[in-house]
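In: Need coordinates for the below:
(2 chains)
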There are 2 protein chains.
Amino acid sequence: MNNISISDRFKGNVPQLDMPPRILLGPGPANVDPRILAAMSVPPVGHLDPTFLKVMDEIQDLLRYTWQTENEMTIAVAGTGTAAMEATIANSVEPGDKVLIGVKGYFGNRLVDMAGRYGAEVSTITKTWGEAFTLEEIKTAIETHQPKILALVHAETSTGVRQPLEGVAELCQQHGCLLLVDTVTSMGGVPLHIDAWGIDLAYSCSQKGLGSPPGASPFTMSPRAVDKLKNRPKSVPNWYLDMALLAKYWGSERVYHHTAPINMNYALREALRLVAEEGLQERWQRHQQNAELFWDGLAELNLECHVAKEIRLPTLTTVKIPEGVDGKAISTKLLNEYNIEIAGGLGELGGKVWRVGLMGYNSRPENVILLLSAFKKVLGK
Amino acid sequence: MNNISISDRFKGNVPQLDMPPRILLGPGPANVDPRILAAMSVPPVGHLDPTFLKVMDEIQDLLRYTWQTENEMTIAVAGTGTAAMEATIANSVEPGDKVLIGVKGYFGNRLVDMAGRYGAEVSTITKTWGEAFTLEEIKTAIETHQPKILALVHAETSTGVRQPLEGVAELCQQHGCLLLVDTVTSMGGVPLHIDAWGIDLAYSCSQKGLGSPPGASPFTMSPRAVDKLKNRPKSVPNWYLDMALLAKYWGSERVYHHTAPINMNYALREALRLVAEEGLQERWQRHQQNAELFWDGLAELNLECHVAKEIRLPTLTTVKIPEGVDGKAISTKLLNEYNIEIAGGLGELGGKVWRVGLMGYNSRPENVILLLSAFKKVLGK
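Out: Numbering: from 1, shown residues only, chains lettered A, B, ... in the order given. Model (predicted):
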């Protein structure tokens, strides 16, 4: 067929996939409900098949329910949560736009990096990792910087802080500014009302509170944000995530844009069905109850939480590493001896905290008592 | 917990997923080997779990084998093929760079759109949809435009044309230009030698010749392309696809970048294992043989191929819609009566051709005779 010989140098001899039975109690992914794995492995149809278009519609409605929004432009981005994050920036930031970002952890910094790449004139307000901004601080910053976009992280996965958002939208609207919110570690696990709270752009992932594998990620934008997109003089400098094009695939026109990750959408649909079956209020309560069970157990082990209870996320807890304890050695032990994954701190909190997630399918009392028991063992308490 | 009531407006009553048993003989996705679906539904581990890092290494090696490259920077992008396409542009094009693009179908045009968004000064050479460029035409265009990057589509999914690439790299190297190639519909199904052909940047998808579901997509760049990336004065204007950051996650540093689509990587690994088990040469031959079987059968039905045999892709055949036949009605009939998906033409070829794919797991004689038999029925022959 051709005269170039085939090299077998990298052919290797890769064995059958054989993964350990991890219990995923870190910052995500979490374990996946067997119903979701079963839905994911249904043989794919084409991305323009009428039956798949119906799946897309169902996903849009279930995302709207889970986020409590009526936004038409509510879709699953064809990538993991970071792609959906970039989609909010790419579709809202125009070169030269003033963007004010609240930085109180790793993901705030990531927003700064991303917004800069899209030509934003970035200002920041910062807060110690483990605290939240007050409404007064946000008000002063908006008045000082007069941004076109204010970006806040609702649930900071690096610190375990819940940023209260009540009242922020009113300030934004008074100053003609869009409100962009990271809901990666809150959606499906923590009270969150996109419309009632006046959020204009939000993103999340499939794998934490929703409990689906990573790969298809919630994105929503309000009519105000859509207006800004429609009025920009130049195309969004990102083809894959351009909502002007994606709206024609997810909307009624059904114009081909990219080959959707079919099976990831099957999985996400099933995860969202599980949210609807359980009910949002009930799901939020379950996350809160299991988190409190965990916090009580930590106290009994004389382990402290890094974040004050009023702003502590139920989905993700940062636990202070006691003085003299090698945090990394403990988490490695949990993994190797008990197949339990937790994570260390990121950035400023590196070496100072463990990050424990009780999210989606994993927010269950049996996981709480197992982890507490394992902590007791590996800490020799 | 809070005093905002929950709206059930979009909660709906979405039933259990129940998809039809499609036989996917369009331009992709193709049906998936049950071994791949089984691997994909293995419960996920974390994206920094030592066992997952090993999976990543295995994927890199198997991609190198399948592409016949030694490029260190060979990874699976966390999105569908279009994301990998954008990754090649984002990581090679600097604002003001002259980029010469060969346009002979829909995906050439997409490259033009993308490169423009990244600030390229784009020139094009064009060819009728259904033909390929000669080496002489490419030579003249390079001499005329003196580009920094030449982008060609090896396998044009919209036309079914195979673009011969032998000799192109020598021209590029003489003129200090990088060679960027779309291998979406060739990888795993059509002879392709990244290193021997001197290709500097290439992308593909998981769902055609490789036969995995869409969602994790092959990307490779040569040391020359890596040099250009390292020497650019500003960061890549795309965070999610920035290879400078991704190299630290896929390379030995293992710095967290994004949550990888774990299960898509399981699937891709299994698909690549199947390629290695079969052997590249054998796999290419299988695709060629089944395509020829199909072409012979078309001739018996007095149906003509749109592309000359010398440059016709074995993976994707464009079949001329006979005069007086409603192409869309026929493909709808195939779908509704026999669960067979084929596609119509895109762009210039809309209404003029059907697009038939025999790719990966679906390149089998039983699919060929089934489709021919179904064509005979619905065309009333």
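In: which outside residues touch the lengthiest helix in chain A?
Out: Scanning chain A for the helix with the most residues, using DSSP state H, yields helix A:280-300. Defining contact as Cβ atoms under 8 Å, 6 or more residues apart in numbering or on different chains, one finds that helix A:280-300 is touched by A:65-66, A:68, A:188-191, A:209, A:275, A:278, A:304-305, A:309, A:312-315, A:317, A:319, A:356, A:358-359, A:363-365, A:367-369, A:371-372, B:1, B:6. Heads up, the C-betas are built off the backbone N, CA and C, glycines and all.
In: ok, is whatever helix or strand comes next after it in contact with chain B or not?
Out: Sequence-wise, the next helix or strand downstream of helix A:280-300 (DSSP states H and E) is strand A:316-320. No - using Cβ under 8 Å from any Cβ of the partner chain, strand A:316-320 stays clear of chain B, with a minimum separation of 13.7 Å.
In: starting at the chain centroid, how far to strand A:316-320?
Out: Its chain's average C-alpha position is 17 Å from that of strand A:316-320, according to Cα atoms, centre = their mean, to the nearest Å.
In: which secondary structure elements does it contact?
Out: Under the contact criterion of 3 or more Cβ pairs under 8 Å, 6 or more residues apart in numbering or on different chains; DSSP states H and E, strand A:316-320 touches helix A:280-300, strand A:353-357.
In: Let me have those in JSON lines, adding mean pLDDT and mean neighbour count as columns.
Out: Output for the helices and strands packed on strand A:316-320, formatted as JSON lines (pLDDT from 0 to 100; neighbours: other Cβ atoms under 10 Å in any protein chain shown):
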{"stretch": "helix A:280-300", "mean pLDDT": "98", "mean neighbour count": "18"}
{"stretch": "strand A:353-357", "mean pLDDT": "98", "mean neighbour count": "27"}
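In: Tell me where the model's unsure across chain A.
Out: A:1-2 (pLDDT under 70).
In: can you pull out the strands in it?
Out: Remark: strands assigned in chain A by DSSP state E are A:23-24, A:73-77, A:98-103, A:121-126, A:149-153, A:155-156, A:161-162, A:178-182, A:201-203, A:217-221, A:316-320, A:340-341, A:343-344, A:353-357.
In: looking at the ones you listed, which is buried most?
Out: Comparing the strands of chain A by mean neighbour count (mean count of other Cβ atoms under 10 Å in any protein chain shown), strand A:155-156 ranks first with a mean of 30.
In: Pull the contacting residues for residue A:363.
Out: Applying Cβ under 8 Å, 6+ apart to residue A:363 gives the contacts A:189, A:286-287, A:290-291, A:314-315.
In: just residue A:90 next, same as before
Out: Going by Cβ under 8 Å, 6+ apart, residue A:90 touches A:118, A:236-238, A:241-242.
In: tell me, how many neighbours does the nearest residue to it once chain neighbours are set aside end up with?
Out: Sequence neighbours aside, residue A:238 is the residue nearest to residue A:90 in space, at 4.2 Å (criterion: Cβ to Cβ, 6 or more residues apart in numbering or on different chains). Applying other Cβ atoms under 10 Å in any protein chain shown, we find 26 residues neighbouring residue A:238.
In: how about residue A:238, what does it touch?
Out: A:86-87, A:90, B:86, B:117, B:238.
In: Dump those into TSV; add distance to residue A:112 as well.
Out: Output for those, formatted as TSV (distance: Cβ to Cβ, whole Å):
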residue	distance to residue A:112
A:86	13
A:87	17
A:90	15
B:86	22
B:117	22
B:238	16
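In: Just name the closest of those residues to residue B:264, please.
Out: residue B:86 (17.3 Å; Cβ to Cβ).
In: surely the closest one meets residue A:236?
Out: No - contact criterion Cβ atoms under 8 Å: residue B:86 and residue A:236 do not qualify, at 11.9 Å.
In: Have a look at those two and say which one is more surrounded.
Out: residue B:86 (27 against 23).
In: Find the nearest non-adjacent residue to that one, please.
Out: residue A:240 (4.8 Å).
In: do residue A:159 as well
Out: residue A:105 (4.3 Å).
In: Please report how far the one you found lies from chain B.
Out: Here residue A:105 is placed at a distance of 14 Å from chain B (Cβ to the nearest Cβ, to the nearest Å).
In: For that residue, give me its contacts.
Out: Going by Cβ under 8 Å, 6+ apart, residue A:105 touches A:129, A:153, A:156-159, A:161, A:346-347.
In: Identify, from those residues, the entry nearest to chain B.
Out: Set against chain B, the nearest of these by Cβ to the nearest Cβ is residue A:346 (7.4 Å).
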